[in-house]
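Asks: Just the structure for this:
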Amino acid sequence: MTWRSSSSSCIRSIETLALWHDTYLQSTRPKYQNSAPQHDCYVHDVESPIKSPVRGTRTRLAPGGFFVKTHQAVAVINATIIDGTGAAPRPRQSLVVRDGVIEWMGPHSELPNLPDDTEFVDIDGATVLPGFMDVHVHLAMDGSLNPAGYLHEPDALLHFRGVRNARRTLDAGVTTVRDLSGSDYALAMAVEHGIIAGPRAIMAIHAMGPTGGHSDSRTLTVPFDCHPAGAHFGKTADGEDAARKLTREILRMGAGVVKVMATGGVWSPRDAPEHDGFTEKEMRAVVEEATNKGVYVAAHAQGANGIKNALRAGIKSIEHGYLIDDEGIQLLLDNDAWLVPTLLTGTTPPDPTKATAYAVEKKNRVRALLEENISRAFAAGVKVALGTDSGVVPHGQNLRELGIMVDLGMDPMRAIVAGTTEAARLLGLHDEAGSIEIGKRADLVVTAANPLTDIHSLGDPQNISLVIQNGTIVVDRRIRALALSTDRRTA
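Replies: A predicted model of the protein is given here:
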C-alpha cells in the first residue's frame, strides 16, 4: 500500500510537471511556435545600483529582489528615434509605453495628455534605437577556446556561467538572443519568469553533426556521453535516419531552432573549416523534421562547398560563411536565406596561450580570407542578421559587430537594421519586436552618441545609457537624475 500510494503521488507529480512543461513551451517559443514573452517581474540590477532618475512608480522592488511590473504608462520624451526599419532618424520625438507595448509615438509637440501617475523619462535629445538582437551566442561558454577544458567542469557551472553572461549581454544593449548550443531552455525560462535578468532567448540546446565533425570534440575512443563538453554543446548523428531521430529529440527538449554542422570548424580537433560536415541529404532530413514542427534550421557553415550543400538542403541561415564563393552568394540570394557573419569572432586573432595549436593555425588561415569574401556578400545585397559567436569571444561586447560590418563596407544604417529588423525577421519575431513602431514591444536602447556617424561607439556598453526591456528600465547608466516638471513635459 505504501509503495502504491507513493507511486500514484509520483505519477501525479510527473503529470503535473508535464502539463506545466507543455504550457511553458507554447508560451516561450518564437511567434511561429506561439510565443509571446510575458514578463511579469524583473531582477533588480545589483551590478549597477544607480538611483532611477525618473518620476513615478512604474516598477517597485518586491521581496527577493524582483521588479514587479505595474500598468502605469511610461513616456520617453525628447528623443531622436532611429526605428530600425532603415528610415531616416526623427528628432524631437516622444513615445508612450503601456503594458510593455508602444502605445503612441510622434513629435514631442504633439504628446497627448497623460495620466498624472505617468512616468516621464527625458533623454534630452539622445538617440533611441530598438533593443538589439544577437542571433548567434553561446551563453554557457566562456571563451576558453579549448573544448577539453569543459571536461573538468561540473554541469551546473555551465548554468551559473549562463546567468552571468545573460546579464552582461543585456547590459550591452541586446534584449533578444538566439543561443546556438550549450544551454538548455531552463535559461530562457529563468528570464521569462523574472528569476534572472537577461535577454529573451531562443534556444538550439544542442548542435548536431557527423561523427568526427564540428559537434564532436572527442579525440579518444570513449562513449560520447562520457564527454561533458560534447554532451552539452554538440551531438552526433550519421545517416538520414539518425539525423531525423536526433532532430526529433532536440525538438522534444524545447529547441526553437535546430543547428547543424554543415562544415568543419576552427575549434574542433578532427576537421577543418574547408571540410564538409553533414551531407546535403542529411541536412535535408533535418530540415524536413524541423519544418514539420514549425521550426527552421541554422547551419554552422564556413567552407564554400558546405555552405552550398546547406542552402540546397533548405537551411534558413548560414552561420559564419567565411569561405563563401560567388555561387554560394547567389544561392543565398536565390533562396532568400540569411548570412550571419559573426565577424567579431572571425576577425579576432587567436590567443596562443588559450587556444590549441591546431585551432590557432586554422583560425589564422580563415581570418586571412574572410574579410574579402564577406565584403563581396555584403556588396551583393544578401540578407544579413547580426550575430557574434559570443562565448568564443567574451560576452558583453556584442555591438562591436556593427562596427566591423561597417568596416567591411556595410552602410551604418544597414548594420543597425541587421541587428534589429532583419534579426527579428530571421527569428520570426518581426510582428512583435525589432523596430520602434506602435503596437510593438517596447525593447529600447538609448545612447548619447550618434550611431550613424560613430557606429563603433555602440560597441562600448558604457555608451549605452539606458536599456528598456518590455517597457521596464533594466539597465540605467545615467549619472544625474532628471527631475521633470509639468511645464517641461509639454514644452
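Asks: tell me the helices in the protein, going along the chain?
Replies: 2-28, 155-171, 186-192, 228-233, 240-252, 280-292, 304-312, 326-335, 343-346, 357-380, 400-407, 412-418, 421-427, 486-489 (DSSP state H).
Asks: what pLDDT, on average, does the last one get?
Replies: The average of the pLDDT scores along helix 486-489 is 40.
Asks: low pLDDT regions in the stretch 301-450 of the chain?
Replies: The stretch 301-450 of the chain contains no residues with pLDDT under 70.
Asks: What of the stretch 1-150 of the chain?
Replies: 1-71, 144-150.
Asks: Which residue ranges of the stretch 101-250 of the chain form strands?
Replies: For the stretch 101-250 of the chain, the strands defined by DSSP state E, counting those that start in this stretch cover 101-107, 119-122, 127-130, 132-137, 174-179, 200-203, 207-209, 234-236.
Asks: What about the nearest residue to residue 302 once chain neighbours are set aside, how many residues nearby?
Replies: Spatial nearest neighbour of residue 302, excluding adjacent residues (C-beta to C-beta, 6 or more residues apart in numbering): residue 273 at 3.8 Å. Just so you know, the C-beta spots here come from the backbone N, C-alpha and C atoms, and that holds for glycine as well. Other residues lying near residue 273 total 25 when counted by other C-beta atoms under 10 Å.
Asks: separation between the residue positioned nearest the centre of the chain and residue 472?
Replies: Closest residue to the average C-alpha location of the chain: residue 177 at 1.4 Å, with C-alpha atoms, centre = their mean. Distance check for residue 177 against residue 472: by C-beta to C-beta, to the nearest Å, it reads 18 Å.
Asks: Residue 189 too?
Replies: 19 Å.
Asks: Look up which residues are beta-bridged to the closest residue to residue 466 other than its chain neighbours.
Replies: The spatially closest residue to residue 466, leaving aside those adjacent along the chain, is residue 446, at 3.8 Å (C-beta to C-beta, 6+ apart). Note on residue 446: beta-bridge partners by DSSP bridges are residue 128, residue 466.
Asks: Now the phi/psi pair for residue 269, please.
Replies: phi -80, psi -20 (degrees, to the nearest 10).
Asks: Just confirm it contacts residue 355, I think it does.
Replies: No - in this structure residue 269 lies outside contact range of residue 355 using C-beta atoms under 8 Å: 11.8 Å.
Asks: before we move on, the earlier item: nearest to residue 117, out of the helices of the chain?
Replies: helix 486-489 (13.1 Å; C-beta to C-beta).
Asks: Which residues are in contact with residue 443?
Replies: By C-beta atoms under 8 Å, 6 or more residues apart in numbering, the contact set of residue 443 is 130, 131, 175, 176, 433, 468, 469, 470.
Asks: redo that, cut-off 6 Å
Replies: 131, 175, 433, 469 (C-beta atoms under 6 Å, 6 or more residues apart in numbering).
Asks: would JSON lines of the helices of the chain with distance to residue 85 be doable?
Replies: Below are the helices of the chain laid out as JSON lines (distance: least, C-beta to C-beta, whole Å):
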{"stretch": "helix 2-28", "distance to residue 85": "26"}
{"stretch": "helix 155-171", "distance to residue 85": "23"}
{"stretch": "helix 186-192", "distance to residue 85": "26"}
{"stretch": "helix 228-233", "distance to residue 85": "36"}
{"stretch": "helix 240-252", "distance to residue 85": "33"}
{"stretch": "helix 280-292", "distance to residue 85": "28"}
{"stretch": "helix 304-312", "distance to residue 85": "27"}
{"stretch": "helix 326-335", "distance to residue 85": "21"}
{"stretch": "helix 343-346", "distance to residue 85": "23"}
{"stretch": "helix 357-380", "distance to residue 85": "19"}
{"stretch": "helix 400-407", "distance to residue 85": "16"}
{"stretch": "helix 412-418", "distance to residue 85": "7"}
{"stretch": "helix 421-427", "distance to residue 85": "6"}
{"stretch": "helix 486-489", "distance to residue 85": "28"}
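Asks: In stretch 103-119, which residues are buried?
Replies: 103, 104, 105, 108, 111, 114, 118, 119 (16 or more other C-beta atoms under 10 Å).
Asks: quick check, nearest of those to residue 317?
Replies: Nearest to residue 317 among the buried residues of stretch 103-119, with distances taken as C-beta to C-beta, is residue 105, at 30.6 Å.
Asks: The closest one and residue 95 touch, don't they?
Replies: Yes - look at residue 105 against residue 95 with C-beta atoms under 6 Å: they come within range, at 3.9 Å.
Asks: who touches stretch 407-415?
Replies: 86, 371, 374, 375, 378, 402, 405, 406, 452, 455.
Asks: Name the nearest residue to the first one, sequence neighbours excluded.
Replies: Okay, so that is residue 86. residue 417 (5.1 Å).
Asks: can you count the residues close to the one you found?
Replies: Neighbour count of residue 417, defined by other C-beta under 10 Å: 27.
Asks: pLDDT below threshold where in the stretch 151-300 of the chain?
Replies: For the stretch 151-300 of the chain, the ranges with pLDDT under 70 are 151, 217-232.
Asks: mind running it again at 90?
Replies: 151-159, 182, 184-185, 211-235, 265-273 (pLDDT under 90).
Asks: wait, the residue nearest to residue 466 sits on residue 127?
Replies: No - here residue 446 lies out of contact with residue 127, judged by C-beta under 6 Å, at a distance of 7.0 Å.
Asks: So between these two, which is more surrounded?
Replies: More crowded of residue 446 and residue 127, by other C-beta under 10 Å: residue 446, with 24 against 21.
Asks: Spatially nearest residue to residue 281 (excluding sequence neighbours)?
Replies: Of all residues not flanking residue 281 in the chain, residue 240 sits nearest, at 5.6 Å (C-beta to C-beta, 6+ apart).
Asks: quick one: contacts for the one you found?
Replies: Residue 240 neighbours (C-beta under 6 Å, 6+ apart): 281, 282, 285.
Asks: residues near the second one, how many?
Replies: For residue 282, the count of nearby residues is 25 (other C-beta under 10 Å).
Asks: for the one 3 residues further on, same thing?
Replies: Counted with other C-beta under 10 Å, the neighbours of residue 285 add up to 23.
Asks: Would you mind confirming that it is in contact with residue 242?
Replies: No - look at residue 285 against residue 242 with C-beta under 6 Å: they stay out of range, at 9.1 Å.
Asks: what touches both of these two?
Replies: Common neighbours of residue 285 and residue 242 are not found (criterion: C-beta under 6 Å, 6+ apart).
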